[in-house]
Each structure stands twice: as structure tokens, then as C-alpha cells.
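>>> give me coordinates for this.
(4 chains)
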Protein chains: 4
Amino acid sequence: MSSTYGESLKLSIFGQSHGPAIGMTLDGIPAGLPVDTDKLQTFLNRRAPGQNDWSTPRKEEDRPEFLSGLLDGYTCGAPIAAVIYNKNTRSGDYSNLKDCPRPGHADFTAQVKYDGYQDVAGGGHFSGRLTAPLCIAGGLCKQWLEQHGIHIAAHIASIAGICDDAFDSISPDLSSVPADFPVINKNSGELMRHAIAQARSDGDSVGGSIECAIIGLPVGLGDPMFGGMEGRIAQIVYGIPAVKGVEFGLGFGVAQCRGSENNDDYAIRDGEVVTLTNNAGGILGGITNGMPLIFRAALKPTPSIAKQQQSISIEKMEQMPLVVKGRHDPCIVPRAVPVVEAAAAIAIFDAILSQPPRTRRTY
Amino acid sequence: MSSTYGESLKLSIFGQSHGPAIGMTLDGIPAGLPVDTDKLQTFLNRRAPGQNDWSTPRKEEDRPEFLSGLLDGYTCGAPIAAVIYNKNTRSGDYSNLKDCPRPGHADFTAQVKYDGYQDVAGGGHFSGRLTAPLCIAGGLCKQWLEQHGIHIAAHIASIAGICDDAFDSISPDLSSVPADFPVINKNSGELMRHAIAQARSDGDSVGGSIECAIIGLPVGLGDPMFGGMEGRIAQIVYGIPAVKGVEFGLGFGVAQCRGSENNDDYAIRDGEVVTLTNNAGGILGGITNGMPLIFRAALKPTPSIAKQQQSISIEKMEQMPLVVKGRHDPCIVPRAVPVVEAAAAIAIFDAILSQPPRTRRTY
Amino acid sequence: MSSTYGESLKLSIFGQSHGPAIGMTLDGIPAGLPVDTDKLQTFLNRRAPGQNDWSTPRKEEDRPEFLSGLLDGYTCGAPIAAVIYNKNTRSGDYSNLKDCPRPGHADFTAQVKYDGYQDVAGGGHFSGRLTAPLCIAGGLCKQWLEQHGIHIAAHIASIAGICDDAFDSISPDLSSVPADFPVINKNSGELMRHAIAQARSDGDSVGGSIECAIIGLPVGLGDPMFGGMEGRIAQIVYGIPAVKGVEFGLGFGVAQCRGSENNDDYAIRDGEVVTLTNNAGGILGGITNGMPLIFRAALKPTPSIAKQQQSISIEKMEQMPLVVKGRHDPCIVPRAVPVVEAAAAIAIFDAILSQPPRTRRTY
Amino acid sequence: MSSTYGESLKLSIFGQSHGPAIGMTLDGIPAGLPVDTDKLQTFLNRRAPGQNDWSTPRKEEDRPEFLSGLLDGYTCGAPIAAVIYNKNTRSGDYSNLKDCPRPGHADFTAQVKYDGYQDVAGGGHFSGRLTAPLCIAGGLCKQWLEQHGIHIAAHIASIAGICDDAFDSISPDLSSVPADFPVINKNSGELMRHAIAQARSDGDSVGGSIECAIIGLPVGLGDPMFGGMEGRIAQIVYGIPAVKGVEFGLGFGVAQCRGSENNDDYAIRDGEVVTLTNNAGGILGGITNGMPLIFRAALKPTPSIAKQQQSISIEKMEQMPLVVKGRHDPCIVPRAVPVVEAAAAIAIFDAILSQPPRTRRTY
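Sure thing, here's the model as predicted:
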């Protein structure tokens, strides 16, 4: 396992935050799929850090260079490989992390797992920067899904306890989410941005959650037990650094429901089978039921904060205070929104490619 | 994918609720591991339905017959196969489900996915009964983990909104959970059982959540990104029917935290590196940090209820009322507690077997 | 890996020669495929030992009991599980094999790998008996391939240096192979049977080779590099005990050819693209070209012979003579013919299920 | 499947012959392994085309650029990624291959499989050039195996029917193979080079075979059935373009043997268990027995020849003569020798990483 994902697709992500380059290979893509690189760049720009009040001042173009798999604007059936060369790295900031791990980061666990050989600069392979190649793969899958009428959108569900409006679980309006600061309710967005600014000025950070909706899915996608859509999506979404919770439909809300409340009654609308509510989040028995697939992910606050924290010296085996230097997002949730979309797109496209041929198609 | 799980282990689960038998094969188990079948049976009995006020009256012995992989009380290196033959099945109850799917069940999604060829009796392959072979595999893994000082225990975290006490996240007392009705706080347990009885008398059902703690884990288990412990555990836990949410450590609680609250400061205790809090649930960067690994799963209320619901006739493509007959648990949460332990044991044992050899072992 | 195979299919084989049962689970099979169990039994009987001059007197019915995955004569989409309970076992013959390994068997390698915990009786998990469940899975896949016009047949290519006629590589006559002693040329068959009888009377055994042809394959099956048809087939064929060589088309014969001899010129016949020769064995770049897929496997002589051989005492670490007792085939090649067909059927059906959807279908 | 390989390692190879770059990602490598890039370059140079009488005049430096996974000369635990940028490409030569496929190449099968979207220039993803990244991965694995006393060497076993001496199967002298033209017997080498020169002057090409030996392997490597060393090695060796046969030990020679000839008697030498012959090629039951692992691969003659051949026009669906232009090796066998070593190194290193922990280590 490690940094590879997929059943029919084989996604492999590589790179360290301050290494020569980051990138991905994507094997198993059918030939003849059109690729709109401008559209992909627009998608990647949603994740890229920039000059605003909620993200790190570190600037990266995040412009992928495709090394293989594309020809004349179409996939050619060969594995797709793309890289982003790193620039503007400041490794100087990270010199003492092997001895003195940052709370909330993977410094300590990596130090033990990799026996001190790991690349600590900028978090190395554990950096949020590795979500850029994830967005290359996901951005491509998202394009192909859209060509088949499957659309994905995510928004900030909450930051620092301030909640955005939720998607309508029956007919979510995916177009209601702006690209710049992705919230449905502008007022909530204002409060969130203020909370982020406040955290920044306090040398602190804030966490939040993201809601993602997928519409246009066929009925019958996914497999029983360990191949269910929940497990497929959760595995890749948990590959996004900082994610500590994933839930589908009502999610943890089901724990307080009675069956008569939680069950989604069936009905016929325009000759299609629908459910009158969508507490299941579009998944029954791990398999899509044709209703919008809806899930949420919880992201912890950026562990890098300016405030003094308690760490240790691994060499001296004694506690010591630590102040983390360097440039950091006070809140990674806004930039993580396209990453969640990308992860969902990969999981769904992989599930589609993994479906066996059907013997007939009636219901 | 589908009903197989594992990176180094290869677990394959088969069977339908009312078919001839259910069972599992487990490939990749090292030779020479002792197997205590009595201890396994005791574990399986925690899941088995029985004569009490919260589970289905359907009686099953759930006594596995081992067909291969064991010799003289030890694993012999060959794949382990075990089956449980089904008895006391009443397929008559399920005759019309192909045309008229039960809300909250996989009847409709399976009908479309399998083109009507699926086994609907008792939910077929989607039945909670399939968690019995999961417990065979998990019960074995749990024994082997215990021999290496790794202990797993789960309890009912909540039912119908009634919460049990939580495990102490720094030093959970796993022995504080009784086998019969697994709650830490007896009073909460009483209220839960009353809520279950009330739901039963109302012809309804209730949902809940389960908390699981694993102690004794080495530092450095798990892999970055998609091989992280969160993703490994979530994928298998989502294989348990009814699970709609999985979270680690503070889980969705991180969304409301600031970094200064959520980060776990380090300290040295008895020559070991520890954290003073455990909001990370024992996982940083997908890798265990030596603290207790703690996660929670949300389970929806049993979809089978006696109350009338709205379904459809797939043949007539029109809505029609449905009253579900048959024997059902008003709440599956108590019986799911050992299943969650089993899933965790499999994920962790698989992760251990998947670790590459280390070049040295200092920190 | 170990005893599991498949990309889209997940085949898992379990059992030991003298354990309670042997069997297999097959996950990933589409729903709605008809299963003719009589036809399957006829296929299995070709492998089963019996009363003749070339196989072991050990009698086994090899009648599979299906535990799951089938309903009313069709696959139901759930994993298929089948077992064969062992009878007529004589474990007494194998008592001292842990200390004194049989030359040519896996006794020594298993002793070291499994630290003495392995099941030695009858070769345990390494027994040729494990090819029975392989034939269950392969017999099913063979039926489904036939329903799509894909036909597989193998015959004895040689035994003890006596060669059968080869299949016509352009239009092999699969019906020319009888079921009882599968050779194309009856006279060669007579000589082979005589050679086997001679070896038996000498307390010795003989090896041979098997040729397999598959017709009716679509163009475009298989993937580049490690997903090529040669690698897919070789991996599973090497799973058959005793196989030490696998070659495709001209196979090792290509080493002596010039390109002008080996290249297969193209032509059009009846509006189809064909090649005028088939030295490639129907595979170019790992992908089927529509010509018959032809491969051969070499099987070593049964290692169990009555003649005295030199073994060792692992305990004493000294050489000592060994005379192997028990019942054995003087030649396993005839019984291995359906096993090779089964392996090919599984590899091809898996490759078919693994093909991504095509964007268009012209050439 | 496709262009990925490995159980514990995850090797992914990408690129097209005339695309921007070729390369590989290698996930699952333990941290702390030293990397000697000069030694790797020396290994890669054995495969690279150059100025001699048996290879293509096309010049490529084949100097890998490492993008991730290495730090200060050691693996850092993150996936390793390396690329080779293509230079000196002449795509003009390949313009009409979509309509008029070259005999012996993947042009036709790729045209059908990829619906005409494939990259035909230089064979695209099917080019022998893709063995360069295979050699990057294999060259690294070879270094690490050598550090554990496991040594691999291959030589030309035959070209155009001219045979080199074989390795001594009990104690092969790996140092007896020179780097430039890898044969044991210089005289045979002279004859081979003459045969190649003759083929070149005839506008033709010649095939051959390669023998590979691995010494220093532990006893107990590999798994039963589909995880056996034969299947593991065959799958990756068949990933090398032009390979049409793979055999182990006596290989197809076993078909003519009696058991008493083929079985390898045991003995004790210097306190170690050995066999007096090595017809098994160091593998019993799929598992290494501590003797040298020996296999051979057959490679077809380069399909690109200057002589006129019969092809077709796919558009017109009629036969037409074809003369292939461009630069080609009259024999790829010499350059394939390090590629076979690389493939073996990857398969063995992967098998080592896939072994479960042993409970004890006596025999």
C-alpha cells in the first residue's frame, strides 16, 4: 500500500515537499479520453497557495508537466505520468526536526519508522504539498466523469465551529459554490475568514470540515463489504493529510435516529426510482442507489503554529519547548476543498472501471 | 475488491444469509501461531444472536468448522479456511423483495447491480450474518496480537443518543467493558437497554455508535497517504453493514479546535516518548505514535422495522406501502461491538505483516 | 500472493492433501452466468485419479459442494465458494518426512519456511490434489468462455520424449483430443502409455509437456508489460505443481529464428485481419491478435518414486538413504491436461473482466 | 495490472519511446538503503544502445534523474521516482503505422486495443526503450541484494542457434561473464557476433536466449502455488518485450527425464543442506532451497527488419507489402542481458519484502 491507490486504476504518488519534484503516475486509464489541460490548471489553481488572508505566502505555480500517457489532447492508453518541479523551497527552516519533533506532525512517527533516514524538510513525503499530484489525477478523473454526466462539488461545511449551509441532499445545487472561498452561505464565509484571520494573528490555526456531493451516478456502483463506496472513498480521503473523520449521508447522525426516521422511503419520479429522503447519502449496501452521494470529512487545524509548544529532544530523551518557524496556512480547509473533490473523483472513476460487464440491464 | 481485504493478509468472505454456509479464507498467515479455538468460540458467542431483549430470536450456533490451515493447534502456513453451516433459515419471509425493496436495505441496489440474480433471502450476501466469518478471522488475529502485547477492546459509545463514558484516551481500561452488554457505565447501559426495548415495542429500531481502543501498538505502524492506519481501518470497518461514519481520535471534534488545543504536546515518561493528550487517536501522518489507537464508528438503526413504510413495485414502477415481516434486532449495536474489534484486529495484523524489515531500530 | 490469483477475479485456493477438505473461493464473478454442474463434474472427472495404468490407485470422488455464490443454476453475484471433503486419506505413510525430506518434493523447503509447522501428510498444501479446486474455478470460467465463443483445449505434447502431433497453429482442431488419454495421435499415445507402464514397473516416473490452444479470443485482450497475456498465463500455470517451463507460440524456438522467419505476415481473410503464420502464438506486445493463443508447459516427472534415493536427516544433519512409500502416479501429465485448461480459462476470464470500457470499437 | 508489478514493492513504469520522458516509480522500499548512483549508471550503460556492431545507432544517455525517494545517498522511505528525458527522437519514421502495422510488432494489437489513440512513434509504450526504467528499478534492487550476499548474473545462452557454455548449476561463476558482450565462452561469442553482423548485412535480425543465475538466496523464499518463485519471476520477465519462453532449472528438459534422473538427491556439505544436482533450478514447491536459482528466457528476433514483408492497410482492409524504415538492433539479446538481471532482482527483492516474520528459525 503506502502511496498507491486503486483497484483498476493504479495511482502512485511520489515526492517530498522540498525535493526536486512531486508527481504521480496513473495506470489503467482507457485510451481516447480527451484532456483539457487549461481546465485542469484552473482546477489545480483552486488548491495552490497564493496571496490571500487564509493561506501560506509560499508561492508555487503547480503547473504539471506531462511526461507520458497523453497524445494530441487524448489519453493514449499508456500510463499517465506528470510532475511538478519544486521551486522556492526553504529547507533551512527544518534543520532540527529530527531531534525535536513538532506536535501534530509526522516528524516523530517518521523518525521512528524510517530510522532517521526520512526527508524532514517541509514535512517531506507527509507534506500537504503531496495533494497537488492527487489533484492532477483527480482533476483528470473529474473531467472524464463530467463527460458522462457525473458531477462533483465540495464546499467548506464548517471552520472553527462556524457552519456553512448544507447541500440539499435530494437535489444539491453544485453551482452554488464559488471558486475563491468555497462556501454556499456568504455570511458564514465572512465569519469563517474572520476566524481564520483571528487565528493567524494569535499565531494559531483552526480546523474545519468539508462536504462533498456527487450527482449523476448510475445505480449499482460499488461492491459489497470491503468494496463498498464508503470504504473506497474513505481510504483515499484518509490519504489527505489532516483528515480525522469521514462520514456518509447522515453520518454520525444515524446514531441518534430510529429506523423509521433514518430509512429513506421509495417513490417513483419521472419514471425513475428515487428516495424521498437521502439519509443514506446515496449508498445502500455499499452500492450507489442513484441519489446524490454525499459525504463529509473533518480536517484538523494546521499543526504548525507560532505558539510555543512542548516537544522533546529524542537524543537527550528529555522534554523541551519548541517554537515552529516557517510559513504556514492558519487554516488548510479552503485549499483542501478541491483535494476532496479530486479524491472522490478518483475513487468513483476507479469504481466505474472496476465494474464487471452486466448480463442485462433491466430493473 | 468486493468481499476481499488485505495487503499481506488475503481475507475472502463468502456466503449468503440463508445459503448452505458462510465462511472465510485467510491467506498469508505465518506458520506456527497457536490457535485457541475455545477462546475463539467465546469471542464469536459475543456476536451470535441469542435469547435477550435486544437481539433477534433467530438462533445460530456460529460454530466454525476449520477446513484447512490449522494443525495440532497451530497455523501450518497454508491458507486458513473455516465455514459455518446455516441452520434455522426461514426463506419464506423474503419472497417478494425483488419486486418490492425494503427501505434502508440493499434490496434495490442489489436488484439493479445483479440484474435480479442476487440471493435476496435474509439479505443474501449483504446480511449482517456475514460478520460472523469476519469475526472468525478477526478473533484469530486478535489472539495473535494479544500474544504480542497488543490488546483491543470496544464498547457501545452511544445508543439512541444515550452516551456511555468514553475510554480514557491516555490509558484506557479495556477490562472495564463487560462481555454481555458492553458499556463502561452501567447506568447508561440500563437506559440504552430501555431505549431498545421501547423501540422494539414500537415496532421500530435504534442506531448507535461504538468506540474501539487498541493498546500496546509499536511506534511506526502504517504507511503514508493511502496506507495510513486511518484508511486501513476505515476500509474494513466500512465493510460492516450499517456503518455510516468512522472517525479517529477527536474525529469530527477537530473541526472546532484550534491547533494549540488539538496538537498533542510531547513528554518523556519512564524513558518512553509519550504525548500529554491523545487527540490524534494514536496516529500521526497515518503512522502509529505509540499512544492508544482510538476510533469510533456510527451504526444506523436496523432498517428492518415492523412499521409500515413506503416502497415501490419495480415491476409496476409505482409506489406501494410495505410492511416487513421476519425476525430482526431492534438494535444491532451491542452485537456489532465484537465485529468492530475483529475488523480492527485484522487491519492491524495485516499492517504488521506488511511492514518492511527495518535497517536499524533506534530512536 | 501465495495461493490467491487474479486482477478482477479473486481466486483463493485452500486445503491440504489429507486435511478435512480442499476448496476455493472465487470473488468478482458477474451475476447471471449459468452454471452447468454436470458439465463441471465431467470436466473434474478428467483430472480425478482412477483405475488405469497411469495414475495413482488413490480414489477420490472430487465432487464439489457449493457453499455460496450460486442460486437456481446461475451465479448470484456473491463470491462462489466450493469444497471437496477429503476421504480415503492414509496419513501414516508420511510420518518421517519432516526429518527426512523427499528429493524433488517441497518437504525440505516447507520445513524451513514454515519452521516445521507445515502439514506434511500427502504433501499438505503443496499436493497436486490442490489442482482439484483449481479445476472447479477453471471449469466454471471455461463454461462462461464457451458461451462467448471462446474455446480451450489441451493435449499431451510429449511424455518421456515421445511427442504427440502439434495443434495446427492457424486452425487447431480442438475436437481432435479424446477425453480419456488426451493425445491427437493415437499411435504416439500408445507409445506414451507403454513408457508410463515401463516406468511404473521400474519403480520410476516420467515427465512430459502439455500444449494448450485457445480459439475465439477477441483482438486486444491483455495489457502491456507485466499485464501481458504471457505473464498472466505463466503466473497461474506455474501455480500447477511440477511445471518448470512455459512458452508461447514458437517459444524457445524463436531463439534460433531470424526475424524474417519469425515475423507473422498479415493478410485479410473473410474481412478479418489474420496472420499467415502464428509463431507469436496469438500474442503481440502482450495483447491478443485474434489468432489462436497457443502455449506449452513442461512438467517434471513425479518426484515420488519407489527407487532408493539419497536424502538427509535434518535432525542429525547427515545423509541417509530414503525409500518413498505410498501411492503415486508414475506420470501426472495426463491428469494435468484439464488443469492446464483450467488455469488458462481463469487467466483469460480474468483478463476479459479486467479490460476497461472501450471508447469506440472500429479497426 | 498493465505496467505495474509487485506484491510489497509497487513498481510502476511509464513513458513512450518518443514521448517527453520515460521513467518509473518504486514504492515500498525500506528507508536507509544506500544507493550508489555511479554503480547504477554502470549497470544502465550495459543496456544502453551505443556504437557497436550489434545495436541500433540511436544514441541515448539513459542518465536517470531522481525526483524523489533518495536523500544524501540513502533511500528515505518515500517512493522513489526517476525519469529519463528522451532526446534524439525521429518520429518521422513512424507516420503510417496506424494504417499499416509492422509484422511482429504490437502495432495492430495496440491499434485495436486503444482504438487508434495509442502513440505509435517508436513503438510507443511497447518499445524496448521501456526496459531502461525497468533497469533503474532493477539496478537498485540488485545493489541491495548484493549487500545481503545475493548476487545475480546473466549471460547470452544462445544467439541464432549458437550456444554459449551454461553456468555450472551447483556453483556458477558469475564473474566469468564480461560486461561488453556477455558470454562465458569467447569463441561462441565471436560466432554470435558474426551471425549478428551477417543478419544485419542481410537486412534481417536474429533471436536468442539468456540464462540467469542467482546465488546466495536464503532457503524458504517464495510462496506456494501462485506465489511461487517461478510465477513471480516469469510474470516480470514476460514484461520484457520479445520474451516468448521462460524455464527454470532443467526447464523443458524435464519432459524427457525420469524421476530418478530429475530428482536432486540431498547431502550435507559444510554443515549445510545441499542437493547433489540442481535440476530444480533452486526451487521446490515454488520455494527456494538454497541452491542457485537458475532460469532461462527466450527472446525473439527483432521484428524490425529491412526486408520487405506483407502487411495490410487497415483502412482499405487489403494486403500490401511493407518495408520498415528506421534504426534497429539486428539482435536485442546482448542488450537484454542486464534487463533480465534487473527483472530477476526486482522479483527477488519483492519476494524478500513479502515474507512474513518467522516464529523461529531452526532446521
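
>>> helix/strand/coil for residue A:200?
Three-state assignment for residue A:200 (DSSP: H, G, I helix; E, B strand; the rest coil): helix.

>>> how much space between it and chain B?
Going from residue A:200 to chain B by CB to the nearest CB, to the nearest Å gives 11 Å. Every C-beta, even on glycine, is put in place using the N, C-alpha and C of the backbone.

>>> contact residues of the stretch 251-363 of chain A facing chain D?
Contacts of the stretch 251-363 of chain A with chain D, taken as CB under 8 Å from any CB of the partner chain, are absent.

>>> which single residue of the stretch 251-363 of chain A ends up nearest chain B?
residue A:285 (2.5 Å; CB to the nearest CB).

>>> quick one, helices of chain A?
Using DSSP state H, the helices found in chain A span residues A:37-47, A:107-113, A:131-147, A:186-201, A:229-237, A:259-262, A:333-353.

>>> hang on, the earlier thing: tell me the contacts of the residue of the stretch 251-363 of chain A closest to chain B?
Applying CB atoms under 8 Å, 6 or more residues apart in numbering or on different chains to residue A:285 gives the contacts A:224, A:228, B:105, B:106, B:109, B:110, B:126, B:241.

>>> cool, and residue A:356?
Residue A:356 neighbours (CB under 8 Å, 6+ apart): C:8, C:28, C:29, C:30, C:353.

>>> tally of neighbours for the closest residue to residue A:254 other than its chain neighbours?
Of all residues not flanking residue A:254 in the chain, residue B:300 sits nearest, at 3.9 Å (CB to CB, 6 or more residues apart in numbering or on different chains). Residues within reach of residue B:300, counting by other CB atoms under 10 Å in any protein chain shown, total 29.

>>> what do you get for residue A:179?
Residues near residue A:179, counting by other CB under 10 Å: 11.

>>> and the pLDDT at it?
Per-residue confidence (pLDDT) for residue A:179: 85.

>>> what separation do you get for it and chain D?
30 Å.

>>> show me where the stretch 201-350 of chain A dips below the pLDDT cut-off.
Residue ranges of the stretch 201-350 of chain A with pLDDT under 70: A:327.

>>> which parts of it sit against chain C?
Near chain C, when you scan the stretch 201-350 of chain A using CB under 8 Å from any CB, you find residue A:224.

>>> for chain C, give me its nearest residue in the stretch 201-350 of chain A.
For the stretch 201-350 of chain A, CB to the nearest CB, closest residue to chain C: residue A:224, 7.4 Å.

>>> please report how far the residue of the stretch 1-150 of chain A found nearest chain C lies from chain B.
At 3.7 Å from chain C, residue A:32 is the closest residue in the stretch 1-150 of chain A, using CB to the nearest CB. In this view, residue A:32 and chain B are 26 Å apart by CB to the nearest CB.

>>> repeat for residue A:213
From residue A:213 to chain B the distance is 16 Å (CB to the nearest CB).

>>> what's the local residue count around the closest residue to that residue other than its chain neighbours?
Spatial nearest neighbour of residue A:213, chain neighbours left out: residue A:172 (4.3 Å); criterion: CB to CB, 6+ apart. Residue A:172 has 23 neighbouring residues, counting by other CB under 10 Å.

>>> residue A:293 is in contact with residue A:172, correct?
No. Using CB atoms under 8 Å, residue A:172 is not in contact with residue A:293; the gap is 10.2 Å.

>>> give me the common contacts of these two.
Common neighbours of residue A:172 and residue A:293 (CB under 8 Å, 6+ apart) are A:213, A:215.

>>> list the contacts for the spatially closest residue to residue A:282 that is not a sequence neighbour?
Spatially, and ignoring its direct neighbours in sequence, residue A:282 is nearest to residue A:293 (3.8 Å; CB to CB, 6+ apart). Shown in contact with residue A:293 (CB under 8 Å, 6+ apart): A:213, A:214, A:215, A:217, A:229, A:248, A:281, A:282, A:283, A:348.

>>> residue contacts, the fifth one?
For residue A:229, the residues meeting the contact criterion (CB under 8 Å, 6+ apart) are A:221, A:222, A:283, A:286, A:287, A:288, A:293, A:347, A:348, A:351.

>>> and the third one, bridged to which residues?
Just to be clear, that refers to residue A:283. residue A:288 (DSSP bridges).

>>> relative to chain D, which residue of the stretch 151-300 of chain A is the closest?
Counting by CB to the nearest CB, the stretch 151-300 of chain A gets nearest to chain D through residue A:239 (13.0 Å).

>>> coming back round to it: which one of the contacts of residue A:229 is nearest residue A:235?
Taking CB to CB as the measure, residue A:235 sits nearest to residue A:347 out of the contacts of residue A:229, at 7.8 Å.

>>> give me the neighbour count for that closest one.
26.

>>> hang on, the residue nearest to residue A:254 packs against residue B:128?
No. Using CB under 8 Å, residue B:300 is not in contact with residue B:128, being 11.7 Å away.

>>> anything in contact with each of those two?
residue B:242.

>>> and for residue A:268, the neighbour number?
Residue A:268 has 15 neighbouring residues, counting by other CB under 10 Å.

>>> so what sits opposite it in the bridge?
So, taking DSSP bridges as the rule, residue A:268 has residue A:273 as bridge partners.

>>> repeat that for residue A:162.
residue A:159.

>>> for residue D:145, see how far away it is.
56 Å (CB to CB, to the nearest Å).
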